[in-house]
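Undergrad: heads up, no residue letters with this:
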């Protein structure tokens, strides 16, 4: 935070920066894994920053949490068992548990302090933490997947930070191979895949690693996220089988409210920009 009370995240690789006007710092601590800061902003509510990178704010987190959850759940034909790797702020957990057919959600985040601070400063995201279908584990998600039984999970949501620090291994071929092993035959993994404008190298390497790990079909979806570099974000789904199933009727008639997601957004988010198709050699 500079002397004028603006928190600024610099994306040096793109010659870009994003700033938010801050009223005060609410909390700061160094955990065994990362530095966590919480700010009160003038226009975006509370702000969580990890190792200098913006994670979420009160005002706009619904874009990310809804698009990491509902497209993949409405793509899977019958999602019952869900794992969330990361996701310590619990916003994705809340969205997943809106789907009544889901029987069990296990959230695996290595740093318990992220969740405890979310409970304090973002309580609206943690409303479903006590749902009997939810289980919170504060362990290494990479090890959890590596030791999992084959065919034991329908959907894996990798709600991770950028591929640095504790999250670096979540973007590797070995991790994706382990995910492929423990997913059911119709199982799907979805992972946040950075900005398609600023981070095409990361996105391309990630998709390549997924292919090489054994996933036969990939779909990248796009959505706005104004507090992240470029303001344009993506998530990538991968499956051993087809990803063409979309339970549109269920999406149209969902029994819960959303701020951004609906069936039209779902379909539009899968449209591929020309530069992306060319870079990824998608016809």
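TA: In hand now; what should we look at? No experiment lies behind these values; they were computed from the predicted model shown.
Undergrad: only C-alpha atoms for contact and neighbour calcs from this point on.
TA: Noted.
Undergrad: so residue 275: helix, strand or coil?
TA: helix (DSSP: H, G, I helix; E, B strand; the rest coil).
Undergrad: how about residue 181?
TA: helix.
Undergrad: burial measure for residue 106, as a count.
TA: 17 (other CA atoms under 10 Å).
Undergrad: looking at this, it is in a helix?
TA: No. Under three-state DSSP, residue 106 falls outside any helix and is assigned strand.
Undergrad: I figured it was touching residue 136, is that so?
TA: Yes. Between residue 106 and residue 136 there is a contact under CA atoms under 8 Å: 6.0 Å.
Undergrad: endpoints of stretch 158-174, how far apart?
TA: Stretch 158-174 has its terminal residues 14 Å apart, counting by CA to CA, to the nearest Å.
Undergrad: list the buried residues for that stretch?
TA: 158-162, 166-167, 170-174 (16 or more other CA atoms under 10 Å).
Undergrad: quick one: strands adjacent to the longest strand along the chain?
TA: The longest strand of the chain (DSSP state E) is strand 16-30. With DSSP bridges as the test, strand 16-30 is paired with strand 6-11 (antiparallel), strand 35-41 (antiparallel).
Undergrad: which of those sits most buried?
TA: Highest mean neighbour count of these: strand 35-41, a mean of 20 (counted as mean count of other CA atoms under 10 Å).
Undergrad: now do that one: distance to the chain's middle.
TA: 20 Å (CA atoms, centre = their mean, to the nearest Å).
Undergrad: got it, and stretch 228-247?
TA: The mean C-alpha position of stretch 228-247 is separated from the chain mean by 11 Å, CA atoms, centre = their mean.
Undergrad: give me the contact list for stretch 114-132.
TA: 36, 38, 46, 58, 88-91, 93-94, 97, 134-136 (CA atoms under 8 Å, 6 or more residues apart in numbering).
Undergrad: give me the mean pLDDT for it.
TA: For stretch 114-132, mean pLDDT is 98.
Undergrad: again with stretch 80-97
TA: Mean predicted lDDT for stretch 80-97 stands at 98.
Undergrad: ok, now stretch 52-71?
TA: Mean predicted confidence for stretch 52-71 is 97.
Undergrad: which parts of it are buried?
TA: 52-58, 60-71.
Undergrad: so which of those residues sit within strands?
TA: Among the buried residues of stretch 52-71, the members that lie in strands (by DSSP E) are 53-57.
Undergrad: show me the strands in the stretch 101-250 of the chain, by range?
TA: 104-108, 134-137, 153-159, 183-192, 217-224, 232-239 (DSSP state E, counting those that start in this stretch).
Undergrad: dump the ones in strands among the buried residues of stretch 52-71 into CSV; add distance to residue 192 as well.
TA: CSV is the format used below for these (distance: CA to CA, whole Å):
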residue, distance to residue 192
53, 15
54, 14
55, 12
56, 14
57, 17
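Undergrad: what angle do the longest strand of the chain and strand 53-57 make?
TA: 90 degrees (axes from the mean of the first three to the mean of the last three CA atoms, to 10 degrees).
Undergrad: shaky segments in the chain?
TA: 1-4, 163-167, 283 (pLDDT under 70).
Undergrad: domains in it, by residue range?
TA: With domains defined by automatic domain parsing, the chain comprises 6-57, 61-280.
Undergrad: most tightly surrounded among the ones you listed?
TA: Using mean count of other CA under 10 Å, domain 61-280 ranks as the most buried of the domains of the chain, with a mean of 19.
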